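> what follows is a predicted structure for the sequence shown.
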Amino acid sequence: MSTFVRRLALALSFLTRLPLARIAGDEVDVGRAVAFFPLVGVVLGTIVAGVAWLLADRLPASVLAVLLVALIAALTGGLHLDGLADTFDALGASGDAERRLAVLRDSRIGAHGASALLLLVLAKVAALEAHVASGGLAPLVVFPALARAVVPLELVSFSYARPSGLGSAFRAHAKTSDVALALATAAAALLFLGFRGVLAGVATVLLALLFARLAARRFGGLTGDVYGASIELAEALFLVLTLRAP
């Protein structure tokens, strides 16, 4: 198996619950798989857009939007939603960075996490409903790819808050060339949406990086949960920013 295919398969295995054969790879392969995160997003977006296209004339836009949010959560195993809830619980915790990291490790969902989760899901449902109702399905292909391009940027821009953890291999072994490939993939996807889509993509990335900077200050660096939260926030932001006024 070529290095390209192996690292792409590792990225798919890490970011999705698609039924794939188990792929063996060392920590270097795992870390450098970040280059293919946006490509995995294209796969997810194509599935979501395909389901939307098939069911657009069969279901009300509101019902279909809920189904699409549930679909992408199922495809990713809810991994990023869990990270979002944990991150906002920790951001809302009092104390120093060590105390907040302890909250981040706690799997229980508190008021901050539950509120963030609810608001994000509502934002996604509302935005997807509007896209489906307008017939503009192209952003549905792109939004998961753009969101997953944020993580490679965060990996090289911020330190990791723990000596080990889910994202430590990515942080340790991802190279600038991997980040460049990830950004090139996302940029290519954005071009299909035209100038407005490119502007929405740039704004989404900048806002996601601002969120990461806030988290890094609160936690002394980033963690796997923060990467997941960044993906969820970027998805929602991009879906909202690509809406067209009625």
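Perfect, I can see it now.

> His112: neighbouring residues, count only.
Look at His112: counted by other C-beta atoms under 10 Å, it has 18 neighbours. All C-beta atoms are positioned from the backbone trio N, CA, C, and that covers glycine.

> leaving out the residues flanking it, which one is nearest to it?
Gly92 (3.5 Å; C-beta to C-beta, 6 or more residues apart in numbering).

> how many residues are close by Trp53?
Using other C-beta under 10 Å: Trp53 sits among 13 other residues.

> buried ones in the helix or strand hosting it?
Trp53 belongs to helix 37-55 when assigned by DSSP states H and E. Buried residues in helix 37-55, counted by 16 or more other C-beta atoms under 10 Å: 37-45, 47-49, 51-52.

> which other residues reach the following helix or strand past it?
Downstream of helix 37-55, the first helix or strand assigned by DSSP H and E is helix 61-76. Contacting residues not belonging to helix 61-76 are listed as 15-18, 44, 47-48, 51-52, 55-56, 59, 81, 121, 124-126, 128-130, 132-133, 140, 144, 235 [C-beta atoms under 8 Å, 6 or more residues apart in numbering].

> please indicate which of these are buried?
15-16, 44, 47-48, 51-52, 81, 121, 124-126, 128-130, 132, 140, 144, 235.

> filter the residues you listed down to the ones in helices?
Judged by DSSP state H, the subset of the buried ones among the contacts of helix 61-76 located in helices is 15, 44, 47-48, 51-52, 81, 121, 124-126, 128-130, 132, 140, 144, 235.

> between the helix holding Trp53 and helix 61-76, how many degrees?
Angle between the axes of helix 37-55 and helix 61-76 is 140 degrees (criterion: axes from the mean of the first three to the mean of the last three C-alpha atoms, to 10 degrees).
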